[in-house]
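In: Sequence isn't available, so here's the structure alone:
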């Protein structure tokens, strides 16, 4: 592991931040050495999500409405494996708040996001993991979820700049 000229706590916070932004936005621009480190970090998170994204348990829940009438509702909960990975991802990434869309009313935004407590984790399990699980089955290989594209050197310190993106 590269030290990147930082103490351990600062380095781990930086990697956590870079990985969070990579998973949320799909690509980020950074230096070559930081990109190589975050590539390893992010691919481990994606691999864990791929291995657990289908682990669900069906259960019934009794709900009482305003009039006191009890009804049974079928719910789908995370299985033990998916729950463990969900907690691991929460530990290894920062929470990101869902962005309000242009011209979206406050009521529409709240209705759209009321059931989503951690949007990044939901995105990883609902979009990223199924996409890469399908890709892994088609290609018969795991890993290789990111790519690094080199750009020009930075003007101030001549550092090699790159774009790291999810494939």
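Out: Now that the structure is in, tell me what you want to look at. Here the structure is a predicted model, which is why all the values come from computation and not from measurement.
In: Next, the buried residues of stretch 88-103.
Out: 89, 92, 93, 96 (16 or more other Cβ atoms under 10 Å). In short, each C-beta sits where N, CA and C put it, glycine included.
In: What's the mean pLDDT across the helix or strand harbouring residue 11?
Out: Taking DSSP states H and E as the definition, residue 11 sits inside helix 8-25. Per-residue pLDDT over helix 8-25 has a mean of 93.
In: same deal with stretch 44-55?
Out: Here the average pLDDT along stretch 44-55 is 88.
In: ok so, going back, now, which of the buried residues of stretch 88-103 sits nearest residue 7?
Out: residue 92 (18.8 Å; Cβ to Cβ).
In: For that closest one, give its distance to residue 115.
Out: 23 Å (Cβ to Cβ, to the nearest Å).
In: re earlier: looking at the buried residues of stretch 88-103, which is nearest residue 11?
Out: Distance to residue 11 across those (Cβ to Cβ) is lowest for residue 92, with 13.9 Å.
In: Any figure for the gap between that closest one and residue 140?
Out: 28 Å.
In: where along the protein do the strands fall?
Out: All strands of the chain, identified by DSSP state E, fall at 27-31, 56-64, 70-78, 146-153, 160-166.
In: Lovely, talk soon.
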